[in-house]
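Enquirer: Starting from these lines, generate the structure:
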Amino acid sequence: MRNKSTRQAMDEGITDKVHQLKLMAKALRNNGDLQSAYSKINEAIQILEEVPDDPMYQRDVVFPILADLYGMQGGILRRSGNESAALRSYESGRVYERWAERGTTIYNQSQLALSLWLGSDHSKNDQELSLKLKAAIRNLEQHSTVAGHHDWWSLGDLGVLYLLAGRYNDATIVFERLVSVRPDEYPLKAMASVLAKVWSRALEFDPELSAIARKSFVALGGDENELTPRTTFASCFISYSSQDDAFATKLHDDLEASGVECWFAPKDIRIGDPVLFVVDQAIRAHDKVVLILSKHSIDSDWVEHEARRALDREANNNTVVLFPIRIDDAVFRGEFGWAKQISAAHRPTGRHIGDFSGWSVQSSYQKSFERLLRDLSASDARKSAAHRGGSS
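Expert: This next block holds a predicted model:
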């Protein structure tokens, strides 16, 4: 069992089997057959404790279920009169609960550090970024020591953060180790994808880092042809009201098909993510915020929050972040508070708004889309980066 990949384990329906055992145990417990109920719970626990070592799967799926199962086991033992054994089960459940929480915290820390680095103005010293990198590295090092040698996800994250912190020798050692043991193929590809972003960003300011990221990318199985310079675009966070989902989904799909990296809530928010934290992090990590204005979005508290975060970035970095587009005329009518500030009629904060009001007609949509794509081109992104560097 331990030699199977996590994907194989999931395909075999492990979680479904555990769920069925849990339901059976509940039914037996409710009917007073505590011994059989305990047996079913114990069987489910043994299945999960033999799941292959994949920290993300364990953190997100296995540990929370184990915490619940040990809690049920403790309840059955208590009803059977075995108080000491019940207390041991409850404590085991709390241990798994803490492990799940700690794993999530460490993952979020490393992702925040990476996002800050990708979105940082590297023409000046960023004290916050330096502190976040050091803290994330320290926690990942401790976690790897506790978790053992099979925590490939944490090890890969650690290698990337070593790179960003300038610890190139340590990063090389980590990536060589990953390649030598050949863990599950997916972690290698995921790390290679992250290194491609590091390579692209480092081209602007650190040739040595870019070269090491490129070498590591190839070593982890990345296709070097994917790193060949080509027409690229500013990355985007798409801000919209869920009531405009049809348009937002079409825009997202067309942007990604054209080579624009997009953060899109339905695709990028995972179950259990702290939404406000993840949204703010994503806005900081992407070059532009494409704001879809409509009668729905201008009344949305979430959209207002995202727009204000983009405006805050503009004020702090002296560069254009907010790319507003509209699918109706609501922004031009009446008083709309924060949205009125974006209207071109409201000076000095107003700006030109892309017109997608005819998006239901393909020819009209395509014309507007090509204009947006042009304005998201890499040349504009480089001018923006140069402007930030010159103003520091």
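Enquirer: Sketch out the low-pLDDT regions of the stretch 51-200 of the chain for me.
Expert: Using pLDDT under 70 as the threshold, the predicted model of the stretch 51-200 of the chain has low-confidence ranges 51-61, 95, 98-108, 119-125, 143-152, 182-187.
Enquirer: Swap in 50 and give it another go.
Expert: Within the stretch 51-200 of the chain, the set of residues satisfying pLDDT under 50 comprises 146-150.
Enquirer: What segments of it are helices?
Expert: If DSSP state H, counting those that start in this stretch is used as the criterion, the helices of the stretch 51-200 of the chain fall at 55-57, 63-79, 83-119, 127-147, 152-164, 168-181, 185-202.
Enquirer: ranking the ones you listed by burial, who's on top?
Expert: helix 152-164 (a mean of 24; mean count of other C-beta atoms under 10 Å). From N, CA and C alone the C-beta is placed, and that goes for glycine too.
Enquirer: So which of the helices of the stretch 51-200 of the chain is nearest residue 223?
Expert: Ranking the helices of the stretch 51-200 of the chain by proximity to residue 223 (C-beta to C-beta) places helix 185-202 first, at 8.8 Å.
Enquirer: now the closest one against helix 168-181, angle please.
Expert: Orientation check (axes from the mean of the first three to the mean of the last three C-alpha atoms, to 10 degrees): helix 185-202 against helix 168-181 gives 150 degrees.
Enquirer: If you count contacts, what does the next helix or strand after helix 185-202 end up packed against?
Expert: Following helix 185-202 in sequence order, the next helix or strand is helix 207-219 (DSSP states H and E). Judged by 3 or more C-beta pairs under 8 Å, 6 or more residues apart in numbering; DSSP states H and E, helix 207-219 is in contact with helix 152-164, helix 168-181, helix 185-202.
Enquirer: Would you mind extracting the C-alpha trace of helix 207-219 into CSV?
Expert: In CSV, the C-alpha atoms belonging to helix 207-219 read as follows (Å, rounded to 0.1, in the frame of the first residue of the first chain):
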residue,chain,number,x,y,z
PRO,A,207,20.5,37.0,-14.1
GLU,A,208,22.1,34.6,-11.7
LEU,A,209,18.8,33.7,-10.0
SER,A,210,17.2,33.4,-13.4
ALA,A,211,19.9,31.0,-14.6
ILE,A,212,19.6,28.8,-11.5
ALA,A,213,15.8,28.7,-11.8
ARG,A,214,16.1,27.7,-15.4
LYS,A,215,18.5,24.9,-14.6
SER,A,216,16.3,23.6,-11.7
PHE,A,217,13.2,23.8,-13.9
VAL,A,218,14.8,21.5,-16.5
ALA,A,219,16.1,19.2,-13.8
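Enquirer: tell me which residues in it are buried?
Expert: If you call a residue buried by 16 or more other C-beta atoms under 10 Å, then helix 207-219 has these buried ones: 209, 210, 212, 213, 214, 216, 217, 219.
Enquirer: How is this protein partitioned into domains?
Expert: The record's domain parsing of the chain by automatic domain parsing lists 6-102, 108-227, 236-391.
Enquirer: can you tell which of the helices and strands packed on helix 207-219 is closest to residue 22?
Expert: Proximity of the helices and strands packed on helix 207-219 to residue 22 was assessed by C-beta to C-beta; the nearest stretch is helix 152-164, lying at 27.0 Å.
Enquirer: what's that closest one packed up against?
Expert: Contact analysis of helix 152-164 by 3+ C-beta pairs under 8 Å, 6+ apart lists helix 55-57, helix 83-119, helix 127-147, helix 168-181, helix 185-202, helix 207-219 as its packing neighbours.
Enquirer: Quick one: work out the angle between it and helix 185-202.
Expert: Taking the same axes, to 10 degrees, helix 152-164 and helix 185-202 form an angle of 20 degrees between their directions.
Enquirer: any idea how far helix 152-164 is from the chain center?
Expert: Relative to the chain's own centre, helix 152-164 is displaced by 15 Å; criterion: C-alpha atoms, centre = their mean, to the nearest Å.
Enquirer: Tell me which residue of the chain is positioned farthest from its centroid.
Expert: In the chain, the greatest distance from the average C-alpha position (C-alpha atoms, centre = their mean) is reached by residue 81, at 45.9 Å.
Enquirer: which stretches of the stretch 201-350 of the chain aren't confidently modelled?
Expert: Scanning the stretch 201-350 of the chain for pLDDT under 50 picks out the ranges 230.
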